[in-house]
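K.L.:
My questions concern the predicted model and sequence given below.
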Amino acid sequence: MAVGLGGALGALARWAVAEVVPDPGPGFPWATFVTNVSGSLLLGALLVWVLEVAPPGRYLRPFLGVGVLGGFTTFSAYTAETRALLSDGRAGVAMLYLAGTAVAAVAGAWAGAVLARRVAGVAPVRGTRRSR
Amino acid sequence: MTPLLVCLGAALGAPARWALDRAVQRRHDSAFPWGTFVVNVSGSLALGMLLGVVGADEAPLVALLGTGFLGAFTTYSTFAVETLRLFEQGAGRLAAANVAASLAAGMLAAFVGWSLGTAIAPA
């Protein structure tokens, strides 16, 4: 199933990011933050592409959107990490992480959509934009 | 071994999310993204319980069920994009409600799960 395969790849990518980004210990959970924001940006771009630009194959959206990017990003780790920060008495970091991720991810999705539209608009197609 | 367990769990988690999301949306077809809300809150509850019960010792189990299954079961990107869509459609209040409710319910679920998990964890 396309979604399952995509999910496996997305989760692998998330695990890889977590391996590469240094463990912050009691600090800001950068690995998950980077994962969630970049994943949101990519999904914002992908959906513009799929819905507004190019007709997708039957499997593109389930594979990339639901599968890869859904598997890449995570909500459960986000709440678990916030809970751990709060339990450790690091309320400031916890709130910054909780709110910051939400703002950055929605902004990222918006940026991804804007970028995708710009790229699609700029790519000259049979002179439709250049012809006078 | 760990990345393999993560992939295995995720291969099941992502389709589970898709199935549950569709089932919820079919029954509650409103503008509010109930499907994503349900997967994210239930996933937060489940991870809280898993971590509470298992702790840091059972790394392979956490890799399979936590990082793998629940990590893929829940999603931030869909949550963000659905929120954005609501804003773009002029449903700003609904968008804000989605964020507030998801975060509040998710955090509550994480804490409840953790408490339940630690309560039933073997001493």
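P.N.:
Structure received.

K.L.:
So which residues make contact with the one helix or strand in chain B whose mean pLDDT sits lowest?
P.N.:
Ranking every helix and strand in chain B by mean pLDDT, DSSP states H and E puts helix B:59-61 at the bottom, with a mean of 90. Helix B:59-61 is contacted by residues B:M1, B:T2, B:L5, B:L50, B:V54 when judged by C-beta atoms under 8 Å, 6 or more residues apart in numbering or on different chains. The way it works is simple: take the backbone N, C-alpha and C, and place the C-beta from them, glycine included.

K.L.:
helix or strand right after it?
P.N.:
As assigned by DSSP states H and E, the chain's next helix or strand after helix B:59-61 is helix B:71-73.

K.L.:
Which residue lies nearest the spatial centre of chain A?
P.N.:
A:G39 (1.2 Å; C-alpha atoms, centre = their mean).

K.L.:
Need the pLDDT of it.
P.N.:
For A:G39, the pLDDT comes out at 95.

K.L.:
surely it meets A:F72?
P.N.:
Yes - between A:G39 and A:F72 a contact is recorded at 4.5 Å, counting by C-beta atoms under 8 Å.

K.L.:
Now do the same contact list for A:L43.
P.N.:
Shown in contact with A:L43 (C-beta under 8 Å, 6+ apart): A:G65, A:L69, A:T73, A:A109, A:G112, B:S77, B:T78, B:A80, B:V81.

K.L.:
okay if I get those residues as TSV plus secondary structure?
P.N.:
Shown next, in TSV, are the contacts of A:L43 (DSSP: H, G, I helix; E, B strand; the rest coil):
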residue	secondary structure
A:G65	helix
A:L69	helix
A:T73	coil
A:A109	helix
A:G112	helix
B:S77	helix
B:T78	helix
B:A80	helix
B:V81	helix
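
K.L.:
Check whether stretch B:92-99 comes near chain A.
P.N.:
Yes - residues of stretch B:92-99 are located near chain A by C-beta under 8 Å from any C-beta of the partner chain, namely B:V99.
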